[in-house]
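**Q** predicted coordinates and the sequence they were generated for:
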Amino acid sequence: MDFSPFRRYFLALASGLLLGGCQNTHGRPAAPPPVTEVATVTVGTQPVVLTTDLPGRTSAYRIAEIRPQVDGIIKKRLFEEGAEVATGQALYQIDPASFQAALQNAMASLGKAEANLPAVRSKEERYREALSDNAVSRQDYDDAAAALKQAEADVQLWKATVETARINLGYTRITAPISGRTGRSNVTEGALVTAHQPVPLVTIQQLDPVFVDVPQATSELLRLKRRLKDRRLTRNGTKQNKVKILLEDGTTYPLEGTLQFRDVSVDPMTGSVTLRILVPNPDRVLLPGMYVRAVVTEGVNEQAILVPQQGVARDPKGNPLALIVDGEGNVEQRMLGLDRAIEDKWLVSSGLSPGDRMIVEGLQNVRPGDAVKVVPWVPAGDREAASGDAARTTAGSNGSR
């Protein structure tokens, strides 16, 4: 049986269906598919102050551990625990009776030595004159001269003893070497204390200002130095040393600190150097040992490129990339180098140039090489504000009617 006529019939039918698919109901060719619309931002540069957020802890500006310098019994405590004390203010009184007696004894011995001195000196002078006339022997004069020197030495010895006794008597009244706030007293009245004992009687801490010590990794320090050397960052004088402090609950401390110095040695356990920041503390908000965060200014990037974070995608390996629209309206892929996040933007270190049109919305609908239609990108906050303004305008118009 010959199937050639049926074969020709089916071929003609298939051709008609194909031709019919390329035409609309009126016999005209079908319109090309619509071009995908994407929202873009034009990349530009701007000066940006770069900062580093570092954790740290506070410490007192000055600390004095009060210890007795003589042995004795505490007779009275002269301050309130936790109170502010001034330099020279009395803190404890050690029983001074024995030290007063020692001073009086030394003064009496000094008086005795001073009373004996004129007679010995006169005898030495008479023997010296008599020696010139050979009225006394040389041995007698030498004995008189030696007695004079011994009497003079006794006077000096007792003068030193009197001064020592007076100093020890003064040590019975223990005073504050610095101004600051006292802590808990470790002794009470009647306690026996010894000179230079290991346990302090009380500790005084000066809390205005305070220090904030924060560690910085040496890798970050080296990176900062390279940026400064390559002139990618610039310093701006005294403003560079200002540091913002964030408290443990996330609030910003109202007063700025000042960067004092970077330590010159590296901690081998952590691989970091310590930065010391001086922070005013007039209201005593910052207490020693408190955890804070310090926002340290690195410098100013005069040609920084900031792009919205939603415009940056990741490849399967996690590398950042962006899609841009070239001059012919086609999509092009760029691999990016990211420095850090600044609020809701990325600081781009490589991959983009000023003037590039970066796709922010519509990334999922396009691929490299696609032709797209570009519209300006409007941030969500601006859109909400514009919608709110439009709604208020409409409500006002309806009300006026």
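**A** That came through, no problem. Numbers count the residues shown, from 1 in each chain.

**Q** low-confidence ranges, this structure, go.
**A** Within the chain, the set of residues satisfying pLDDT under 70 comprises 1-33, 224-225, 227-240, 380-401.

**Q** which helix runs longest in it?
**A** Longest among the helix segments of the chain by residue count, using DSSP state H, is helix 97-132.

**Q** next secondary structure after it?
**A** With elements assigned by DSSP states H and E, the helix or strand that comes after helix 97-132 is helix 138-171.

**Q** just want the angle from that next one to helix 97-132.
**A** Relative orientation of helix 138-171 and helix 97-132, computed by axes from the mean of the first three to the mean of the last three CA atoms, to 10 degrees: 160 degrees.

**Q** and the next helix or strand after helix 138-171, what other elements does it pack with?
**A** The helix or strand immediately downstream of helix 138-171 is strand 173-175, counting by DSSP H and E. Applying 3 or more CB pairs under 8 Å, 6 or more residues apart in numbering; DSSP states H and E, we find strand 173-175 packed against strand 90-94. All C-beta atoms are positioned from the backbone trio N, CA, C, and that covers glycine.

**Q** quick one: list the elements packing against the strand it packs on.
**A** With contacts taken as 3+ CB pairs under 8 Å, 6+ apart, strand 90-94 sits against strand 72-77, strand 173-175.

**Q** those: which one's closest to M358?
**A** Proximity to M358 (CB to CB) singles out strand 173-175 among the helices and strands packed on strand 90-94, at 68.9 Å.

**Q** rewinding a little: could the helices and strands packed on strand 90-94 go into a markdown table alongside mean neighbour count?
**A** A markdown table is the format used below for these (neighbours: other CB atoms under 10 Å):
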| stretch | mean neighbour count |
| --- | --- |
| strand 72-77 | 17 |
| strand 173-175 | 18 |
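
**Q** to A101, which of those lies closest?
**A** Nearest to A101, of all those, is strand 72-77, at 12.7 Å by CB to CB.

**Q** how about residues contacting the following helix or strand past that closest one?
**A** Using DSSP H and E, the helix or strand that follows strand 72-77 in sequence is strand 84-85. Here strand 84-85 makes contact (CB atoms under 8 Å, 6 or more residues apart in numbering) with F79, L91, A176, S179, G180, R181, T182, I204.

**Q** quick one: strands adjacent to strand 84-85?
**A** If you go by DSSP bridges, strand 84-85 pairs up with strand 180-182 (antiparallel).

**Q** report all helices and strands that the helix or strand following the strand it pairs with contacts.
**A** Using DSSP H and E, the helix or strand that follows strand 180-182 towards the C-terminus is strand 192-193. Where contact means 3+ CB pairs under 8 Å, 6+ apart, strand 192-193 is packed against strand 72-77.

**Q** and the closest residue to V273 other than its chain neighbours, what does it touch?
**A** Spatially, and ignoring its direct neighbours in sequence, V273 is nearest to D263 (4.8 Å; CB to CB, 6 or more residues apart in numbering). Shown in contact with D263 (CB under 8 Å, 6+ apart): V273, T274, L275, R276.

**Q** quick one: D263 from Q216, how far?
**A** As judged by CB to CB, to the nearest Å, D263 and Q216 stand 9 Å apart.
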